[in-house]
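Asker: Show me how the following folds:
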Amino acid sequence: MARYTGPKTRIARKFGEPIYGADKVFERRNTPPGQHGLAAKRKKQKEYGTQLKEKQKVKYMYGVLERQFRNTYDKASRMKGQKGENLILLLETRLDNLVYRLGFAPSRPAARQLVLHRHITLDGDVCNIPSAQVKPGQVIAVRERSKSLEVIQAAVASASKYSWLELDAQALSGKLLNVPARAEVPENINEQLIVDLYSK
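Answerer: Numbering: from 1, shown residues only. Okay, here's the model as predicted:
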């Protein structure tokens, strides 16, 4: 399946925030990409443009393409509760995102690669589907033969902790305790703009 493999800092500059994590180049040049930077930017963005930009930002952030993103939104709209919050929580409980949140990988693309290369198990069975939805109580772990990988060891050493996840750094395993509340998700996302875009 196609994935964006171009320069990540350029995308971060497009949205005006480091959506791929800490980025020294972005901190040095946080103006929009292109020859003229801010001068080329339209003075006033229309409502549709603002909504589309927010949707694209979330797609890049979680590494999801348009059809999969739309399917996730449709699933969120069939669930009880607010569509926007459901969408974010479905994206947060993807296997590749939880591998990143647990600290087994330094970024979401790296977490996706670990899953695809069969380094991750879900409830003891190897799972190579990055979009697999993880349910509360399920255990995510690094395969025994993959525990010595340098990228995993380095990522775990600098991992952040989240209240909805339980991490055993020694065994390189973690558990999803519960689906996080929207307020607990640290990403800067205005999900209502996405709902408004798809409601047209």
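
Asker: The chain: helices as residue ranges?
Answerer: If DSSP state H is used as the criterion, the helices of the chain fall at 8-15, 24-28, 47-62, 66-78, 83-92, 95-102, 108-116, 150-157, 191-198.

Asker: Please identify the most buried of the ones you listed.
Answerer: The densest packing among the helices of the chain, expressed as mean neighbour count by mean count of other CB atoms under 10 Å, is seen in helix 95-102 with a mean of 25. Quick note: C-beta positions are derived from backbone N, CA and C, even for glycine.

Asker: Just the angle for that one relative to helix 108-116, thanks.
Answerer: 120 degrees (axes from the mean of the first three to the mean of the last three CA atoms, to 10 degrees).

Asker: just checking, what packs against helix 95-102?
Answerer: Taking 3 or more CB pairs under 8 Å, 6 or more residues apart in numbering; DSSP states H and E as contact, the helices and strands that helix 95-102 lies on are helix 83-92, helix 108-116, strand 120-122, strand 139-142, strand 165-168, strand 173-176.

Asker: Just send those back as a markdown table, with mean pLDDT too.
Answerer: Compiled in a markdown table, the helices and strands packed on helix 95-102 are given as follows (pLDDT from 0 to 100):
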| stretch | mean pLDDT |
| --- | --- |
| helix 83-92 | 95 |
| helix 108-116 | 94 |
| strand 120-122 | 96 |
| strand 139-142 | 96 |
| strand 165-168 | 92 |
| strand 173-176 | 94 |
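
Asker: For residue 48, which of the ones you listed is the nearest?
Answerer: For the helices and strands packed on helix 95-102, the distance to residue 48 is smallest for helix 83-92, at 17.3 Å, taking CB to CB.

Asker: Distance to residue 49 added to the helices and strands packed on helix 95-102, as TSV?
Answerer: Shown next, in TSV, are the helices and strands packed on helix 95-102 (distance: least, CB to CB, whole Å):
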stretch	distance to residue 49
helix 83-92	19
helix 108-116	25
strand 120-122	38
strand 139-142	38
strand 165-168	36
strand 173-176	36
